[in-house]
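>>> I'll drop the sequence and a predicted model, then ask my questions.
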Protein chains: 2
Amino acid sequence: MGEVTRIMVAVNESSLKGYPHPSISSKGAFEWTINKIVRDNVSSFNLLFLHVQVPDEDGFDDMDSIYASPDDFKRMKQRDRIRGAHLLEYFVNKCHEIGVGCQAWIKQGDPKEVICHEVKRVQPDFLVVGSRGLGPFQKVFVGTVSEFCVKHAECPVITIKRKADETPQDPVDD
Amino acid sequence: MGEVTRIMVAVNESSLKGYPHPSISSKGAFEWTINKIVRDNVSSFNLLFLHVQVPDEDGFDDMDSIYASPDDFKRMKQRDRIRGAHLLEYFVNKCHEIGVGCQAWIKQGDPKEVICHEVKRVQPDFLVVGSRGLGPFQKVFVGTVSEFCVKHAECPVITIKRKADETPQDPVDD
């Protein structure tokens, strides 16, 4: 068998459990990839974790902040980087325990656009994305990253829906 | 590691190469599954091949046939079964050579509906479907099984698009 199979896994932060927990659906997508694809064959696969930070969303935490100098913005950016690194640390640690090779990196922008752009750049064998499994009514308001990637990413995409018993009270949360 | 990962692969006949060749896209979906997922780890996976025969489409071959007795219909059904069995034989033989466990079966009906119904019944870990990768204009006329399955199948679905260099002169062919 030739080169390892490179699986890109798009991950994001939880909207519920607070920093630095991964969202329920990204945790589900990761665990599915390990349990159903990688299994014991750790040397056959390499996981590529991409975390896309949304500049606007992160800005919400800064509602009460006062920016008085260029340094304040630098500190804010620094803090974003640390948040992202802590999220990725969760997945990289898990891979290390399991013994499967991985890489992880952070990008900023619109997640669906950035994921497709990174697929084009990195050319993984396939992409795994978690999904909240929202109904058509909920989707109108929140959009879904997974559906966009299935249509536009230049590699095969597998969407792992959140389990019904893990759905929070508000299904838009994750 | 617990039970093997059960991968359902939906396969159909070629519209070009004639009986009993698999379509370019089902061959591609199968080879992708072997090369990128199963790899050397043959004991970790089990492939479930489903071939759905479309009653109307098969009927075209019978344009010049005369049905004079119930036996004629029996013979026709018998012949359909043989066609389907020969298609599945291709995939089962390949799995046997590779050493990966498999099962294969035939159903009749509308492929997209039957595939989703069989997913519900058999509960594979995920479903692999080939796709011709048609543009929006071509899709209007032919519909796409893969898009329907992505939306409606009760398991994760991965769509493997036909390679550009394997696209026949008429992309609706396969």
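Received the coordinates, thanks. Numbers count the residues shown, from 1 in each chain, chains lettered A, B, ... in the order given.
>>> What residues does chain A have near chain B?
Applying Cβ under 8 Å from any Cβ of the partner chain, one finds that chain A approaches chain B through A:1, A:5, A:32, A:36-37, A:39-41, A:44, A:125-126, A:150, A:156-161. In short, each C-beta sits where N, CA and C put it, glycine included.
>>> Quick one: residues contacting residue A:34.
A:94, A:98, A:100 (Cβ atoms under 8 Å, 6 or more residues apart in numbering or on different chains).
>>> Quick one, which of the residues of chain A next to chain B are buried?
A:5, A:32, A:36-37, A:39, A:41, A:44, A:125-126, A:150, A:156-161 (16 or more other Cβ atoms under 10 Å in any protein chain shown).
>>> Which helix in chain A has the most residues?
helix A:70-98 (DSSP state H).
>>> lowest-confidence helix or strand of chain A?
For chain A, the helix or strand with the lowest mean confidence is helix A:55-59, at a mean of 56 (criterion: mean pLDDT, DSSP states H and E).
>>> Hmm, residue A:12 is touching residue A:22, no?
Yes. Shown here, residue A:12 and residue A:22 form a contact pair, counting by Cβ atoms under 8 Å, at 7.3 Å.
>>> anything in contact with each of those two?
With Cβ under 8 Å, 6+ apart as the test, residue A:12 and residue A:22 both reach residue A:87.
>>> distance of the residue lying closest to residue A:47 once chain neighbours are set aside from chain B?
Nearest residue to residue A:47, sequence neighbours excluded (Cβ to Cβ, 6 or more residues apart in numbering or on different chains): residue A:102, at 4.2 Å. From residue A:102 across to chain B, the span is 17 Å (Cβ to the nearest Cβ, to the nearest Å).
>>> what stretches of chain A score poorly on pLDDT?
Within chain A, the stretches with pLDDT under 70 are A:1-2, A:19, A:56-65, A:137-143.
>>> And for it, the residue most distant from the center?
Computed with Cα atoms, centre = their mean, the residue of chain A farthest from its C-alpha average is residue A:68, at 32.5 Å.
>>> Could I get the full set of strands for chain A?
Taking DSSP state E as the criterion, chain A carries its strands at A:5-11, A:45-53, A:101-108, A:126-131, A:157-161.
>>> Quickly compare those and say which is most buried.
Highest mean neighbour count among those (mean count of other Cβ atoms under 10 Å in any protein chain shown): strand A:126-131, with a mean of 26.
>>> follow-up on the earlier one: which elements pack onto the longest helix of chain A?
Helices and strands touching helix A:70-98, by 3 or more Cβ pairs under 8 Å, 6 or more residues apart in numbering or on different chains; DSSP states H and E, are strand A:5-11, strand A:45-53, strand A:101-108.
>>> Strand partners (parallel or antiparallel) of the shortest one?
Strand A:5-11 sits in its sheet next to strand A:45-53 (parallel), strand A:126-131 (parallel), going by DSSP bridges.
>>> so it versus strand A:157-161, what angle?
50 degrees (axes from the mean of the first three to the mean of the last three Cα atoms, to 10 degrees).
>>> and strand A:5-11 with helix A:70-98, angle?
Put simply, strand A:5-11 runs at 130 degrees to helix A:70-98, going by the same axes, to 10 degrees.
>>> check contacts around the nearest residue to residue A:41 once chain neighbours are set aside.
For residue A:41, ignoring the flanking residues on the chain, the nearest one in space by Cβ to Cβ, 6+ apart is residue B:41 at 4.2 Å. Contact analysis of residue B:41 by Cβ under 8 Å, 6+ apart lists A:39, A:40, A:41, A:44.
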